[in-house]
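>>> give me coordinates for this.
(2 chains)
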2 protein chains.
Amino acid sequence: MKASRFFISTLKEAPAEAALPSHKLMLRAGLVKALASGLYTWMPMGLRVLRKVEHIVREEMNRAGAVELLMPFVQPAELWQESGRWDFYGKELLRLHDRHEREFCLSPTCEETITDIVRKEINSYKQLPINFYHINTKFRDEVRPRFGVMRAREFVMKDAYSFHADYESLVRDGYQPMYDAYCRIFDRLGLDYRPVAADTGSIGGTGSHEFQVIAESGEDVIAYSDASDYAANVELAQTLPLSGSRAAPAAALEKVSTPDVKTIVQLVEFLNVPIATTMKSIVVEGENGELVLLLLRGDHEFNDIKAEKLAGVKSPLTMAAPEAVRAAFGADGGSLGPVGFAGKVYADYALEKGADWVIGANENHCHYTGFNFGRDAAEPEFVDLRNVVAGDPSPCGAGSLKLARGIEVGHVFQLRDKYSAALNAVFLDNNGKSQIMEMGCYGIGITRIVAAAIEQNHDERGIVWTETMAPFTAVIVPMNYKKSEAVRQAADELYAQLTAAGVDVLLDDRDERAGVLLNDSELLGIPHRIVIGDRGLKEGVVEYTVRKTGETCSVKLDEVAALFAASPA
Amino acid sequence: MKASRFFISTLKEAPAEAALPSHKLMLRAGLVKALASGLYTWMPMGLRVLRKVEHIVREEMNRAGAVELLMPFVQPAELWQESGRWDFYGKELLRLHDRHEREFCLSPTCEETITDIVRKEINSYKQLPINFYHINTKFRDEVRPRFGVMRAREFVMKDAYSFHADYESLVRDGYQPMYDAYCRIFDRLGLDYRPVAADTGSIGGTGSHEFQVIAESGEDVIAYSDASDYAANVELAQTLPLSGSRAAPAAALEKVSTPDVKTIVQLVEFLNVPIATTMKSIVVEGENGELVLLLLRGDHEFNDIKAEKLAGVKSPLTMAAPEAVRAAFGADGGSLGPVGFAGKVYADYALEKGADWVIGANENHCHYTGFNFGRDAAEPEFVDLRNVVAGDPSPCGAGSLKLARGIEVGHVFQLRDKYSAALNAVFLDNNGKSQIMEMGCYGIGITRIVAAAIEQNHDERGIVWTETMAPFTAVIVPMNYKKSEAVRQAADELYAQLTAAGVDVLLDDRDERAGVLLNDSELLGIPHRIVIGDRGLKEGVVEYTVRKTGETCSVKLDEVAALFAASPA
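Down below sits the predicted model:
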C-alpha cells in the first residue's frame, strides 16, 4: 500500500478524555475516531488490524470444526422473553420498537437466537455435536462507556455456541477444542495471556475459563502458580488451611484503650504491633435473621463471593445494620470481636495456627491484646474467607501464587441446559427418547483484543505491534521522495519487490518532513522500518530498524527482501 | 469442505409465505432462515455466497483506489438533525433511545457520518480527492418486508463516499472510476446487468446510474437501445418528436353519443376504432391555481415525473379536483378534451403527426370523432409526457428501445454539495480560500445481489450459481460413502487432490440416499458435480455434470483435476 492511496491521520497529542495508554495511542495513531459516546469508527489503519485479528480467529475456529453463519443484530423480544432475559437483563440490553410498535433489542450476545435456530434445525443425535459461530457487531448500552474500544457500546465479538447430546460430549467435543483453539489464537496473535478459571455464577460447576491478556492497566486481578499452569481470577483462587500446629498462647488477654482508632491501620500505628498479629471483624446477616461474625487477619482482603457461599449466611451477602450490630455486640464497627458473642463465627484459615491476637473488645474505643481461640472464645469454624495474596501456596499443590493484572479478551463457558431447557431445544437420542441438549458458549472480544494488545505492547514512542496484528509488516520511509529521483526510484523498486514477495508493506510517500515520517512510523508501531536516503544510496545501503527493540543497522538495498524471507506473511 | 464438518439443511418444499423464486430457493437450499419479519440469519451455505460477493466487491473497490473503514451501525440523532434528514426521512429510519434518553438511529446509509469524519479530518485541497467505503449492516424499517433478503429490514450494503475539490474531479476521480468498478464487479459476478440512467430527484443534473440485474421478477422496468449502450429507467427514458409531416384531416368533427363509456378500453370497444386513434385527457393543477390539460395517445402510459417538470405545472404534481374539472370543462373525467378549453394544453409528441382523433367532447357521455389540431382546437405545445414503449426510437439516436425488468443492485450518485453544504464540509483551495466539497455516493446491495443472482439464474431443479458466486465450485457426490471402501477411498483422494489444487470443493459425505444427494446438489446449484460409484470405478471413471447445461459425461478419475485447471479459483 502506498500512503498516497491510503489514509494516515496522526495526532501529536491525544484528546484529554483518553486515560488509558491504548485509548490515547489509538486516537493518536488514527486507528479509531469517536462518533459518539462508546461509538467508534474504525479508520483505515485500525481496520487493517481488526481484520488481521478476525482472520486468525476465523482460521482457528474453522480448524476446530466450528461452522460460521451470520445472525441478525436486531433481535425480536419474544426469544428473550422465552429465556427470561428480557426482564432479567439490565439496561445494557438496548430495547427498541419498530414502526409497528413491536419490541426488539440490539444483540449483546446470541444464546437465544442460536438456540432457536438449533431447536428448529436439529432433531436427532446424529446431527450432534455441532458448533456454530459468527463474527458480528454487538451492542451493550454501558452506563459509562470508557477506555475507548476497551469498553465501547458497539463492538465486534466472535461468539460460538456448541450443542451436544450429553455432558461428556460438551467437554470433549465443545469446551476442550474451543479452549485449545483460543490458546492457538492468542499464541498466534503474539500476546502474553493466561487462561484463568472463572466463576460460573448461577450455572455452577467448574466449566468456565477467562482468557486474560496480561497488562498493568487490566481491570481483573489473576492469581497463578509459579510452578504449574494453575491460574484463576483472584476472587476465585482458593486459600488452603495452614499446616503445622497452633502456637501456644504466650500472653494474657488484656483490654487496652484505643481512642480514635477506627481502622486497622490506625490500630497498628497506635499499638505499634505488626498488622499480621491483628484480626478484623465483619458482621453479616445470617439466613434466619441472626448475625454471623466473620474474622480475617488485619492485612487480608475480604472475599464476598466466598463468604456468600458459607452455610447459614444470607445470599446475596448483606452487611448487618449498625443498630443490629450494636444490639448483638454492645459496640460499633471498629471495636468488634468474638469475645462474648454467642452466634456463629467463621474465621479465615490464616487465623488458625496463630496466637496472641489483637482484636476488638466489643466495647467502643477498646481492643484486646493476647487473644487466643479456645481460651478466650470458642473455637470458630475455619474456612476460606479472603483473597489470595502473592506468596500463598497454590491451591493446585505446586508452587506458590503470583498476582498479575489482566484484560479479559475471551471466555469459554459450559452453559449446560440453561438456554436449551428454557427454549426446549431437544433431540431424539439413539433410543428414540427426547433429551434436552447440552450447550457451551465461547466468546472473543475482537475489537477489545486490539486495545488489549496495545496495553501490553507500547512504549513512550507509540504502539509496538506483534508481527501478526500489525496493520503493515514493514514500512518504507523515503527521505525526500518527491524531490530525489534516486530515492524515489529505490523506494518504488523495493516496494514492488517486497509486495511481490507477499510482504504487507507500506510505502510512506507522503510529502511530509523526515521527522514526521519517522515519528509516525514509531507511533503506528510497524514492526520493520526501512529508511531510504540519498547518502546511504551512494553506498547502496538503507537503514533497517526493528520497532520492538529499536535496533538499527545498515543493510544493502538488494538484501532487504531477504530479511523478510522467513518472517510470517 | 466435508459435509460432515459443515451444515447442510435443505427442504423439499418452500414455506408458503415465499412468493419469489429466489426467496423460495434460498429457504429450500438453507441459505437463510427467517428470525422475524425482514430479519434473516445467513446460514453457513448462504454465508459462503455472501462472502464471495463481498470479496469481489472489496477487491474492485480497492483496485479503484477507495479506502476501507468501518462506521458504526448505531448513529447519533444530532448528525441527522444537522443534515435535516432526522425529520425528512420517513419511518424507515428506525429511531431509538439509549439508557440516558439520548436519541439514536439504526444506520440506513452513512452520508452524515462520513461527512462528519471528513470535515474533521480533511482541510486542504492536497488531501482531496478521497473515497472511503465500508461493508456493513444497514437497517430500513420497511412497512412490509417481503421477498426474503430482496427487501429485508436488516441487510448488508457496501457504501462508498467520495469527496472532491471541484465538480470535474467528482466526475473524473469519483463517479467514473466507481461506475467502471461497478461494471467490473457485476462482470466478475457473472450477472446479466445494465447500468441505467436514473432520476436524480431534487439534486438535479445527469449524475446518477442504477445497476440493474435483468430478471423477469424485477420491480423496475428499464428501457435500452438495441444498437447502443443507452439504458434508462423507463420513467426517465425520453421519447422523441416524430419526424415527417402531419397527415391531412380526412374526416369532419362529429359528436357521437357514448353512454356508459368511462375508460379508453370501453371507448375503443364501443366505437370499434384502433386504440392508437384515441386521445386521453389528464387535468392537473397549474402553478397559479388554473388548470392544465395534458393529452396522450389512448394506448400510452402517463409519466408523472416528466409532467411535473413542465412549465406552469404545479410541483408536486396534483390532479385537479372533480369540481374544478366540471367547472372548467362542463363535463366529468372520461369525456374531456381540448375543444373549447381556453387554458394551457400540453400534448404528447405521439399526437403531433396524426389526424382524425377520437377525443372527449366536454359533454358527459359524448365524444368527438374526426378531431384535428389547428382546425378544431388551437395547436397545443407538444412535449414528452409518456413512458417509452418497446420499439420507440432510442433517445441516443441509435436503434430502437427494448424493455426489460430489472432488480436494482447498485447505484452511483453525484450528490454534489447536498450533505457537504449542510454539514459545512469545507477545505482550503490552492488560493487559501474556503470551499465546500463536492461529494459522490456509491452503493451496492450485497445481500440483495445474492437474491438477484438467483432470480436470474435458476431452473425447475434449483439454483444455478455462476462460478464466482457459488458456495462451492464443485461437489463430489459419492454413492455409498459409508459402505463402499472403494468409493470412500476414491472420493477422499479426489477431495484431497482438488483441495490441494485450490478448487473450492464440497465432499458430500452425508449418510443419505443417492437421490437426496443428487437432488441437493442441483438445488444448491453447485456448478460442477462429480458422482463416484462402484460401477464406474471398476472402469476408472466418474460421472461429471455441468449444473448450468445439464451436460453429463464420463471422465477418468485421474483426469478430473484437469477439468478445473483453467477454471477460476
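
>>> quick one: neighbours of the closest residue to A:Asp504 other than its chain neighbours, just the number.
Closest residue in space to A:Asp504, ignoring its immediate chain neighbours: A:Thr473 at 4.5 Å, by C-beta to C-beta, 6 or more residues apart in numbering or on different chains. Quick note: C-beta positions are derived from backbone N, CA and C, even for glycine. For A:Thr473, the count of nearby residues is 21 (other C-beta atoms under 10 Å in any protein chain shown).

>>> go on, A:Glu381?
A:Glu381, neighbours per other C-beta under 10 Å, totals 11.

>>> next one: it from chain B, what distance?
44 Å (C-beta to the nearest C-beta, to the nearest Å).

>>> can you count the residues close to the spatially closest residue to that residue that is not a sequence neighbour?
Distances taken as C-beta to C-beta, 6+ apart put A:Tyr346 closest to A:Glu381, at 5.3 Å, once the chain neighbours are dropped. Neighbour count for A:Tyr346, taken as other C-beta under 10 Å: 23.

>>> contacts only, for the one residue in the stretch 251-400 of chain A that gets nearest to chain B.
The nearest approach of the stretch 251-400 of chain A to chain B comes at A:Pro316, 23.3 Å away (C-beta to the nearest C-beta). Counting by C-beta atoms under 8 Å, 6 or more residues apart in numbering or on different chains, A:Pro316 touches A:Glu308.

>>> ok, it to B:Ala350 distance?
To B:Ala350, A:Pro316 is 82 Å away according to C-beta to C-beta, to the nearest Å.

>>> same question for A:Arg547.
Following C-beta to C-beta, the distance that separates A:Arg547 from B:Ala350 is 73 Å.

>>> can I assume A:His134 sits in a strand?
Yes. Counting by DSSP: H, G, I helix; E, B strand; the rest coil, A:His134 is located in a strand.

>>> show me what contacts it?
A:Glu68, A:Leu69, A:Leu70, A:Met71, A:Cys110, A:Lys158, A:Asp159.

>>> what do you get for A:Pro76?
By C-beta under 8 Å, 6+ apart, A:Pro76 lies in contact with A:Arg102, A:Glu103, A:Phe104, B:Leu35, B:Ala36, B:Leu39.

>>> look at the residue of the stretch 251-400 of chain A closest to chain B and tell me its secondary structure.
Per three-state DSSP, A:Pro316 ends up coil.

>>> and if you look at A:Ala561?
When the rule is three-state DSSP, A:Ala561 gets the label helix.

>>> spit out the contact partners of the residue in the stretch 151-300 of chain A that chain B sits nearest to.
Of all residues in the stretch 151-300 of chain A, A:Glu154 sits closest to chain B, at 5.1 Å by C-beta to the nearest C-beta. Applying C-beta under 8 Å, 6+ apart, one finds that A:Glu154 lies in contact with A:Gly38, A:Leu39, A:Tyr40, A:Thr137, A:Lys138, A:Phe139, B:Pro72, B:Phe73, B:Val74.

>>> how about the fifth one: what's its closest non-neighbour residue?
Right, A:Lys138. A:Lys138 sits nearest to A:Met157 (C-beta to C-beta, 6+ apart), 4.7 Å away.

>>> so the one you found makes contact with A:Ile449?
No. Counting by C-beta atoms under 8 Å, A:Met157 sits too far from A:Ile449 to count as a contact (10.3 Å).

>>> of the two, which one has the most company?
The neighbour comparison of A:Met157 against A:Ile449 (other C-beta under 10 Å) goes to A:Ile449, with 30 against 20.

>>> my read: that one touches A:Val53, true?
Yes. At 5.3 Å, A:Ile449 counts as touching A:Val53 under the criterion of C-beta under 8 Å.

>>> so who does the residue nearest to A:Asp504 touch?
A:Glu467, A:Val503, A:Asp504, A:Val505, A:Ile526, A:Pro527, A:His528, A:Phe564, A:Ser567.

>>> hang on, isn't the fifth one packed against A:Leu507?
No. The criterion here is C-beta under 8 Å, and A:Ile526 misses it with A:Leu507 at 11.7 Å.

>>> shared neighbours of these two, which are they?
A:Val475.

>>> near chain B, which residues of the stretch 101-250 of chain A?
For the stretch 101-250 of chain A, the residues in contact with chain B (C-beta under 8 Å from any C-beta of the partner chain) are A:104, A:106, A:113, A:116-117, A:120-121, A:126, A:130, A:132, A:136-137, A:139, A:141, A:143, A:153-154.

>>> repeat that for the stretch 451-569 of chain A.
Residues of the stretch 451-569 of chain A lying near chain B (C-beta under 8 Å from any C-beta): A:Asp511.

>>> for the closest residue to chain B within the stretch 451-569 of chain A, which non-adjacent residue is spatially closest?
In the stretch 451-569 of chain A, the residue that lies nearest chain B is A:Asp511 (7.8 Å; C-beta to the nearest C-beta). Excluding the flanking residues, the one nearest A:Asp511 by C-beta to C-beta, 6+ apart is A:Lys482, at 5.3 Å.
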